[in-house]
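Asks: Pasting the sequence and the predicted model now:
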Protein chains: 6
Amino acid sequence: MSLTSFVKWPRYEEYKEMFKEHFIMEKRDDGVLLVRMHTKGGPQLWSMELHRAIWQMWRTVGSDSEIELVIFMGTGNQWICDFEPESWAPEQTEPEYTRYEHMFIDGRRMLISMIKDVEVPTIGILSGSGGHSELALMCDICLMAEDAKISDPHFFYDMVPGDGIHSCFIELMGIRRAAYAMLTNQMLTAQQCLEFGMINEVVPRDRMVARAYEIADFIMKRHRTIRRLTAQAIRRPWKQRIVDDLDMTFGTEMFGDFCKNVEHSNISARDLYFGSGEHAFHSMERAKQLDDEGKKSEKSSSDKK
Amino acid sequence: MSLTSFVKWPRYEEYKEMFKEHFIMEKRDDGVLLVRMHTKGGPQLWSMELHRAIWQMWRTVGSDSEIELVIFMGTGNQWICDFEPESWAPEQTEPEYTRYEHMFIDGRRMLISMIKDVEVPTIGILSGSGGHSELALMCDICLMAEDAKISDPHFFYDMVPGDGIHSCFIELMGIRRAAYAMLTNQMLTAQQCLEFGMINEVVPRDRMVARAYEIADFIMKRHRTIRRLTAQAIRRPWKQRIVDDLDMTFGTEMFGDFCKNVEHSNISARDLYFGSGEHAFHSMERAKQLDDEGKKSEKSSSDKK
Amino acid sequence: MSLTSFVKWPRYEEYKEMFKEHFIMEKRDDGVLLVRMHTKGGPQLWSMELHRAIWQMWRTVGSDSEIELVIFMGTGNQWICDFEPESWAPEQTEPEYTRYEHMFIDGRRMLISMIKDVEVPTIGILSGSGGHSELALMCDICLMAEDAKISDPHFFYDMVPGDGIHSCFIELMGIRRAAYAMLTNQMLTAQQCLEFGMINEVVPRDRMVARAYEIADFIMKRHRTIRRLTAQAIRRPWKQRIVDDLDMTFGTEMFGDFCKNVEHSNISARDLYFGSGEHAFHSMERAKQLDDEGKKSEKSSSDKK
Amino acid sequence: MSLTSFVKWPRYEEYKEMFKEHFIMEKRDDGVLLVRMHTKGGPQLWSMELHRAIWQMWRTVGSDSEIELVIFMGTGNQWICDFEPESWAPEQTEPEYTRYEHMFIDGRRMLISMIKDVEVPTIGILSGSGGHSELALMCDICLMAEDAKISDPHFFYDMVPGDGIHSCFIELMGIRRAAYAMLTNQMLTAQQCLEFGMINEVVPRDRMVARAYEIADFIMKRHRTIRRLTAQAIRRPWKQRIVDDLDMTFGTEMFGDFCKNVEHSNISARDLYFGSGEHAFHSMERAKQLDDEGKKSEKSSSDKK
Amino acid sequence: MSLTSFVKWPRYEEYKEMFKEHFIMEKRDDGVLLVRMHTKGGPQLWSMELHRAIWQMWRTVGSDSEIELVIFMGTGNQWICDFEPESWAPEQTEPEYTRYEHMFIDGRRMLISMIKDVEVPTIGILSGSGGHSELALMCDICLMAEDAKISDPHFFYDMVPGDGIHSCFIELMGIRRAAYAMLTNQMLTAQQCLEFGMINEVVPRDRMVARAYEIADFIMKRHRTIRRLTAQAIRRPWKQRIVDDLDMTFGTEMFGDFCKNVEHSNISARDLYFGSGEHAFHSMERAKQLDDEGKKSEKSSSDKK
Amino acid sequence: MSLTSFVKWPRYEEYKEMFKEHFIMEKRDDGVLLVRMHTKGGPQLWSMELHRAIWQMWRTVGSDSEIELVIFMGTGNQWICDFEPESWAPEQTEPEYTRYEHMFIDGRRMLISMIKDVEVPTIGILSGSGGHSELALMCDICLMAEDAKISDPHFFYDMVPGDGIHSCFIELMGIRRAAYAMLTNQMLTAQQCLEFGMINEVVPRDRMVARAYEIADFIMKRHRTIRRLTAQAIRRPWKQRIVDDLDMTFGTEMFGDFCKNVEHSNISARDLYFGSGEHAFHSMERAKQLDDEGKKSEKSSSDKK
């Protein structure tokens, strides 16, 4: 008998409960886990709490040796659209702390933990339109709802694209198309994403989960160790990509946020993805005010004379 | 006069004879060499002997300064389909030795010698359906028979894709499409390969050799040194790729082979590429038996209680 | 007050004048600069003087903090087609000096200064057919005239493709397509370039500048610092690419030039891009003569016995 | 008020308890955490349980935003010396499962989580002699007890050095010294480690903790965000190293374990580091027996005729 | 005769004059240029003007084909010690603009232009104590005054080490020693620098220039093209290093500056390098005030309850 | 029984004979092979024949599965000192062919085949003074005779250091020391080599072979597969290095050879390593003549007015 015991670690039943406000989880007996983001049962809103919960989920799930494959998706026809202003209020009162603790750390960890902390194959379902598509695009396999559209909206919102969507776009589309997409906030339909090699399949909304399970079933027919070693062998390009351009580019995005004084908490992208794109902020007034402030930092006062 | 002489090295007539059981070689006066794999005059079977002969051929041909361009192809409408069971019998009796000596060494050298030991341009003709498409895909130019289909069948056969097909798929299709193709044993038609940028031209079966010679003729019009320096300049990405992900990933594939206890010698992929895919093994009984054995190593016995 | 003053540096009005023989420049009040190559008001001829002026321009413009975005294009429907023989005459009389000073240095600097010396976004308009397409392809965004065709003609002219077009082709098309395009002098139409992910938009000739300004307008709506940090974040792959394969590959191209004894000054590619491709040299006689000379260096005299 | 709440995550008091069988933790009010490995209060034995607990600890501690700096050390004058045979017994009964689940996964995660899951500076104290020195060497700063000696004993024990000690040795000593050290099981004294740039300071045993705290005190005088961003900036080489050579090299080590049939559970290195090196196994008889078995897999039976 | 002329570019006599407030230049007939930083004839003070002049100098000198080798040094026994507060005053009134325009741009360009814009060999003389040692350490050859001491003082001043000194330290000392040096503001004497492989020779103060000329003389005996091609071949590691970790790490340093609210203009490092290190700021009062301000951003106000 | 047979490949007795003019080989029963370069029984002269024989040897030995470890050394107290002028005469009559066929190809292959074609551990004995020390330095372990001195003499001889010695110096000493060593033709004693981490042990001349065998004996005690997998794991940095900077840098060295018109066949380095360094050429007259010729290509004739 061993002298010491294994450290007790949360099991499925426990963490399913821990994360229930952010994810609805369903685990099959064979270890296939479906994780669906939500907020109050409806489409996920971008809150500090969800932002943090994502890496906590990947880290927890990735540490559970009974999970054999993860399917990750969202609720409804939107992906990450609106920031929840109340949740992000500290960005206005404590920008330094918030940008470090809730953006730089949580923002990088969301991806680092998904790529580095998980040994099993992952299937992302880009179930809706919006930003932060890397949450599904960095999965080993990626399906996309036929009516979804994605973009990297950073530049459009006066932010440096540096939080990992850029890593995805460059890795998957190549720098030519990625640079253009980022500089012009290009809306990419599911069909375009397929043509550009960004996703594997376009699926009708009502077939998304079923199709993911079909693929999971094929994968699960293989030997456990083979499935997992294979996932590591094919995830190598993502590991290299993330080490190459995530940490410090994210820091540079944050530098830009201070220069321009951007407030994520005012971003409402619903109209961008579903409407005319005219009303991209919760409060246009506040956006205008920040914009005017920002103009001051573009040139030196001595230049403006 | 020099004090010493050049080491005598095999010349075309000699090595054509040396390799005749595995390759039919035709050399034009201008140094263009056509190398066609075969077994007993018919389509090549995957034997230990051919496996080893491939690197021996590249190393020998690549060391002959009278060869100016190599065209590499197979016989018939299959590429690498079936393992020859008698040849690979030692895998069952001496798995440790066989997996090191005949898989790890010969398998890596096949590609290393093709990329590193050859100074002249190469044209691959993917003349048939099957696995090990990297033997043609890693040539500088690659043509594909219009009726051929390829896949990386490793995962399907409960093996980690780590022998270099994976390097090719990732380099040529990008990680998004490559990961999916490997995890689902996706059958890629010549037309799809063209669209995904994996090959340069789809050619009718009866035009394959003629078309390769047309391209060779264009290349051969250039100055010898220019042709060869150019080949080195454009082979750089392959050199980087092979150093990055071949050696140790191959070792990891072999690790997987022990965990699952896979026997390559039982693989018969003909039905996979040409039929229903139902009969992927020489002996389904043996396959089933190994599978049952393998299940035991998926979980710890204490977990199974 | 500071103890020292800033070094006086050329301003727009000054350098517009300095460069007027090679570029027609137009600067908008918001800092958007249009740079159009020309020779005597017509399409640019490839002279030593223009070759050098290109990096001098990028270095100068890139050092001016009042420039906020650069649009780069050519005059007429040709890109870089003909060498100006009188300008390149020293290549025949002083090949060692010329190949170092005017090729190795200026040729690399053209690209290094465009990628490394410029902080702002760049838009390239591939306004005509010809070689040296990397001058536009390495811009952050690239538009292409619908009637333009490009190729990397190095190999066709018995030269090693190593001056940066190769970097572009490999980066944008992948090694499969790039190797083929270089080895066969493949003519790529605007439509093909779009499909292969080499350019962002195919535009009618009379819409080229207008379309570039539209994109510039979108970009210029963003905060100055954000625009510039973004340009640096997305230019990373180009910086890596250039460090990886430009310097020493260029040196290898020059090595090849000596081995074959190629004269750039005799190259007239107009017929290649606009005609039958039969008359690719200013003087076919001279080309033939060099070719005959070059044959001597292909084999050792002892081999020829 | 936000719509959702933050996921409840273990806090210091809780995880100090969780990990108490493996680590003695002391947290200062300023967030400096001392983590000391132990087994039953004495020097740590290498058990499956500790092996796993290490990454669980880094992952847990790294996820706690109240921890500001970690000091990591062992108990007594040995580092990792002996395997606990009872704990590793499954290696004999279930080698496939054990080598994947307890070696490949836990072994890589130990390092991945230390480098990737932790945002704060780390100080390693190599408090004793033995293997697995990478557990301290990969910390940002590394002190070493003046009487300690380290080596990478893999090769000595007929194993491929691929579990991360090799990454450390190569990164810190350069490949010349590292290859020699691995191939000869070189014993490196603290003084040699200092000269080779492997550690920062040699400290007397009774000054180790005090000195680590002095350094921690200097670091803790800086601003929290600066300390943490700095840690990320300087940890970049480790991140690159680990992505480059850990995953697949580890897989190759495991491949080797099957070829030779090595049993870690029989390794007793105490005599190697503290004695004559004569008795490097718990049971010399078992070692001999495995050795004899292993000889059979060195050559093919047909070669042995 | 060519159709166009070469662009007129500043020649030695002109730029010697242009830069005279920042550099004293002496050019030998053979093209060896000595560049000595100064302020009002005495030791250089770190002003915005000098900061910018450095890259302007490298870019200008590097573009002059008559310069064949550059020796770079400072005046007096200090390297970069004190910021000139008047010059950097805008950092307090316009931090966003200053941190982008005068830090992020000028700070990176100093190094980029030294490494990328110069074709000829460079010899750095680290003639005094202080920060920004990378200005000499990144030269091809580096001599150091025997009484000089260097450190990377960023972390000590509550800044992230990301402006290129870190690139140098990591490249030259390895990450083990570099991380320690940065985290502890380690003072490195000339002798230590020699032992750690950071410099090539320790020279007495009165021999510095003479020794540099001796080395220059040896180099100048070689053929011009060989000297310059050699410089490019050996500068490759620096080019790779700078592309890898300068741009975005610098952005991250600036992010840190906003989080902590650091003011470079208050830094007076003279006491750090020459005295007790007690008075590291021009105004200790202002430093204290910023420090107190900074403390607020370390934790969230809600955490502080 | 297999359908085909293994290709017959040269065995030890055969190739020992094939290579006898260039190498004296001794093979122990356990597969340890000692390879000693020689010319007519005495110290090796640098001939075209030996230059080529080196890669032929590595390729042949590396392909023989009965060789388990290679010790590589020279004869007498010189390493590569003098070129054999008669052998290299074609360099004067056919420089283009010779520089490509005998320098670019053979020169790169010497190293590529040593690193890429060999699976077993290698021990280099730098048994004498001279150039081309990479032939021993790139072995996995390297011993050096206590009276030997090495340098990279390229630059001294007006050549660009690009043939692989530079790869070794940079990899082993770091760029700081390597650049200096190359630019100043620094003579490195065995002791210095040890301190700089370039070699593993300094050994008395009469202990060299015995010591190599001692190390070989330790290594040979390990399992065959483990020895060989270990060699691949630790050779990774060399593989990366060679792919990174050998091919194209070598091409650039050759470019330089044409610019300066250097003749290797005139190089006699014996005096450089053993005497005053005054008589570095076989014929000082010829050297002077080439030097004068070379001066013409340093500047343009128009500049010289």
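Replies: Perfect, thanks for sending it.

Asks: Could you report the separation of the most centrally placed residue in chain A from chain B?
Replies: Nearest to the centroid of the C-alpha atoms of chain A, with distances taken as Cα atoms, centre = their mean, sits A:L135, at 3.2 Å. In this view, A:L135 and chain B are 15 Å apart by Cβ to the nearest Cβ, to the nearest Å. Every residue, glycine included, has its C-beta placed from N, CA and C.

Asks: counting contacts, what elements does the helix or strand hosting that residue pack onto?
Replies: Per DSSP states H and E, A:L135 falls inside helix A:134-137. Applying 3 or more Cβ pairs under 8 Å, 6 or more residues apart in numbering or on different chains; DSSP states H and E, one finds that helix A:134-137 makes contact with strand A:69-73, helix A:106-116, strand A:122-126, helix A:165-184.

Asks: How about residues contacting the first one?
Replies: Translated: strand A:69-73. By Cβ atoms under 8 Å, 6 or more residues apart in numbering or on different chains, the surrounding residues in contact with strand A:69-73 are A:31-37, A:61, A:118, A:120-125, A:127, A:135-136, A:139, A:208-209, A:212-213, A:216, A:219-220, A:227.

Asks: swap the cut-off to 7 Å and go again
Replies: The contact list for strand A:69-73 (Cβ atoms under 7 Å, 6 or more residues apart in numbering or on different chains) reads A:31-36, A:61, A:118, A:120-125, A:127, A:135-136, A:139, A:212, A:216, A:219-220.

Asks: Likewise for stretch A:57-64?
Replies: A:9-12, A:15, A:19, A:23, A:33, A:35, A:67, A:70, A:113-114, A:117-119, D:59, D:63.

Asks: Stretch A:41-53 now?
Replies: A:19, A:22, A:37-39, A:74-76, A:78, A:80, A:82-84, A:87-88, A:102, A:106, A:128, D:2-7.

Asks: Can you tell me which of the residues you listed are buried?
Replies: The neighbour-count criterion (16 or more other Cβ atoms under 10 Å in any protein chain shown) marks A:19, A:22, A:37-39, A:74-76, A:78, A:80, A:82-84, A:87-88, A:102, A:106, A:128, D:2, D:4, D:7 among the contacts of stretch A:41-53 as buried.

Asks: so where do the strands sit in the stretch 201-305 of chain A?
Replies: For the stretch 201-305 of chain A, the strands defined by DSSP state E, counting those that start in this stretch cover A:201-203.

Asks: Just put the helices and strands packed on helix A:134-137 in CSV and tack on mean pLDDT.
Replies: Below are those laid out as CSV (pLDDT from 0 to 100):
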stretch, mean pLDDT
strand A:69-73, 98
helix A:106-116, 97
strand A:122-126, 98
helix A:165-184, 98
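
Asks: what does the stretch 1-150 of chain A have sitting close to chain E?
Replies: A:90, A:94, A:96-97, A:100 (Cβ under 7 Å from any Cβ of the partner chain).

Asks: Narrow these to those that are buried.
Replies: Using 16+ other Cβ under 10 Å, the buried ones in those are A:90, A:94, A:96-97, A:100.

Asks: which ones are touching the nearest residue to A:L194 once chain neighbours are set aside?
Replies: Excluding the flanking residues, the one nearest A:L194 by Cβ to Cβ, 6 or more residues apart in numbering or on different chains is A:V202, at 5.3 Å. Neighbour list for A:V202: A:144, A:146, A:190-191, A:194 [criterion: Cβ under 7 Å, 6+ apart].

Asks: Model confidence at A:V202, what's the number?
Replies: Looking at A:V202, its pLDDT is 98.

Asks: any idea how far it is from A:G128?
Replies: 14 Å (Cβ to Cβ, to the nearest Å).

Asks: A:R286 is in contact with A:P85, correct?
Replies: No: A:P85 is beyond contact range of A:R286, at 9.7 Å (criterion: Cβ atoms under 7 Å).

Asks: Please enumerate the shared neighbours of those two.
Replies: A:N266.

Asks: who's more crowded, those two?
Replies: Neighbours were counted for A:P85 and for A:R286 using other Cβ atoms under 10 Å in any protein chain shown; A:P85 has more, 21 against 15.

Asks: can you tell me the helix or strand for the more buried one?
Replies: Under the criterion of DSSP H and E, A:P85 resides outside all helices and strands.

Asks: OK, contacts around it?
Replies: So A:P85 contacts A:265-266, A:282 (Cβ under 7 Å, 6+ apart).

Asks: give me that answer again for 10 Å
Replies: A:45, A:47, A:91-92, A:263-268, A:282-283, A:286, D:2 (Cβ atoms under 10 Å, 6 or more residues apart in numbering or on different chains).

Asks: Among those, which one sits closest to D:E278?
Replies: A:S47 (63.0 Å; Cβ to Cβ).

Asks: excluding its backbone neighbours, what's nearest A:R211?
Replies: Closest to A:R211 by Cβ to Cβ, 6+ apart is A:V203, at 4.9 Å.

Asks: Now do the closest residue to A:M198 other than its chain neighbours against A:R109, distance only.
Replies: Distance criterion Cβ to Cβ, 6+ apart; nearest residue to A:M198, sequence neighbours excluded, is A:L172 at 4.6 Å. For A:L172, the distance to A:R109 equals 21 Å [Cβ to Cβ].

Asks: where in chain A is pLDDT low?
Replies: A:303-305 (pLDDT under 70).

Asks: does chain D sit close to stretch A:13-22?
Replies: Yes: interface with chain D: stretch A:13-22 contributes A:15, A:18-22 (Cβ under 10 Å from any Cβ of the partner chain).

Asks: Let's see which of these end up in strands.
Replies: Among these, DSSP state E puts none in strands.

Asks: Tabulate the residues you listed in a markdown table, adding columns for distance to F:D245.
Replies: Compiled in a markdown table, the residues of stretch A:13-22 next to chain D are given as follows (distance: Cβ to Cβ, whole Å):
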| residue | distance to F:D245 |
| --- | --- |
| A:Y15 | 49 |
| A:M18 | 51 |
| A:F19 | 49 |
| A:K20 | 55 |
| A:E21 | 54 |
| A:H22 | 49 |
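
Asks: which of the residues you listed lies closest to E:C259?
Replies: Among the residues of stretch A:13-22 next to chain D, A:H22 lies closest to E:C259 (Cβ to Cβ), at 27.5 Å.

Asks: That'll do, ta.
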